[in-house]
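Here's my sequence, what's the structure:
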Amino acid sequence: MALKTFVKINAVNNLSDARYCAGMGVDVMGFNVDPQSPGFITQDSFEEITGWVSGPKMALECGIETVGIEKYESDYLEAADLDVLQSITIEGKKQILKIDLLQVKEVYIKDIDFIHLEGTSEQLTQEEIAQIRDLAHNVQVILGYGFNAKNIEDILTETEVFGISITAGEEIRPGYKDFDELADILEVLEVDEYA
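The predicted structure is shown next:
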């Protein structure tokens, strides 16, 4: 499988999501390694899940507490605080700053590999689209809000972002999962590699 754009899945915490997303060709799967937040995934669980999938790169979604994250095998580090990202001294990891559009400052663009824009609105305003497009001309932007299966292709064209992020969900019970929203968006982005 291949997708039309870069896709990061946030807060993966079960094998069902991991296997489905790997099969759909997502680029990065994020795992919450903040022991102070709900959804924290232990190193053992992380290794158990990632041991069953191949293809996607792995991102550690960090909080303020970063002790022990060097034990997790990953390609990306993500945090909502620039100081936290800069304090982590693990070489060779790409950095993702997760931030609200209104909080983006020019200094972030120079120091970070990716800006992961978060927000709560279900639809982007024309002003937001223009701001995101301007930002996307200066840094690789991963858009985490304001789109759905019906408008995702238009949003990608209008904003010119590098990619999108979608948050994974909880399993109903082990092995059983409702993939509706996630599947709807990924299926729209799916590319027929043999066409």
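
From now on I want contacts and neighbour counts done on CA atoms only, so please keep to that.
Fine.

can you give me the helices in the chain?
Per DSSP state H, the chain carries helices over the ranges 15-24, 43-50, 82-87, 106-111, 126-136, 152-159, 180-189.

Can you lay out the ones you listed as JSON lines showing mean neighbour count and distance to Ser165?
Formatted as JSON lines, these follow (neighbours: other CA atoms under 10 Å; distance: least, CA to CA, whole Å):
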{"stretch": "helix 15-24", "mean neighbour count": "20", "distance to Ser165": "12"}
{"stretch": "helix 43-50", "mean neighbour count": "16", "distance to Ser165": "19"}
{"stretch": "helix 82-87", "mean neighbour count": "15", "distance to Ser165": "19"}
{"stretch": "helix 106-111", "mean neighbour count": "12", "distance to Ser165": "19"}
{"stretch": "helix 126-136", "mean neighbour count": "16", "distance to Ser165": "15"}
{"stretch": "helix 152-159", "mean neighbour count": "16", "distance to Ser165": "12"}
{"stretch": "helix 180-189", "mean neighbour count": "16", "distance to Ser165": "10"}
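
which one of the ones you listed has the lowest average pLDDT?
Sorting those by mean pLDDT places helix 106-111 lowest, at a mean of 70.

And stretch 17-32, end to end?
14 Å (CA to CA, to the nearest Å).

can you list contacts of it?
With contact meaning CA atoms under 8 Å, 6 or more residues apart in numbering, stretch 17-32 is reached by 1-3, 6-13, 39-41, 46, 49-50, 52-62, 168-169, 177, 186, 190.

And the pLDDT at Ile166?
On pLDDT, Ile166 comes in at 94.

swap in Ala195?
53.

same thing with Val53?
Val53 is assigned 96 on the pLDDT scale.

that older thread, show me how to select, in ChimeraX, the buried members of the contacts of stretch 17-32.
To isolate in ChimeraX the members of the contacts of stretch 17-32 that are buried, counting by 16 or more other CA atoms under 10 Å, one can use:
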select :2,3,6,7,8,9,10,11,12,13,40,41,46,49,50,56,57,58,59,60,61,62,168,169,186
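
Out of the contacts of stretch 17-32, which sit inside strands?
By the criterion of DSSP state E, membership of these in strands covers 2-3, 6-10, 57-61, 190.

longest strand anywhere in this protein?
Secondary structure assigned by DSSP E gives strand 94-100 as the longest strand of the chain.

my guess is Ile115 meets Leu101, correct?
No: counting by CA atoms under 8 Å, Ile115 stays clear of Leu101, with 9.3 Å between them.

So these two - more neighbours on which side?
Legend: neighbour count by other CA atoms under 10 Å for Ile115 and Leu101, higher for Ile115 (26 against 17).

What's opposite the more buried one in the beta bridge?
On the basis of DSSP bridges, Ile115 is bridged to Leu97, Val141.

Could you report the pLDDT at it?
What the model reports for Ile115 is a pLDDT of 95.
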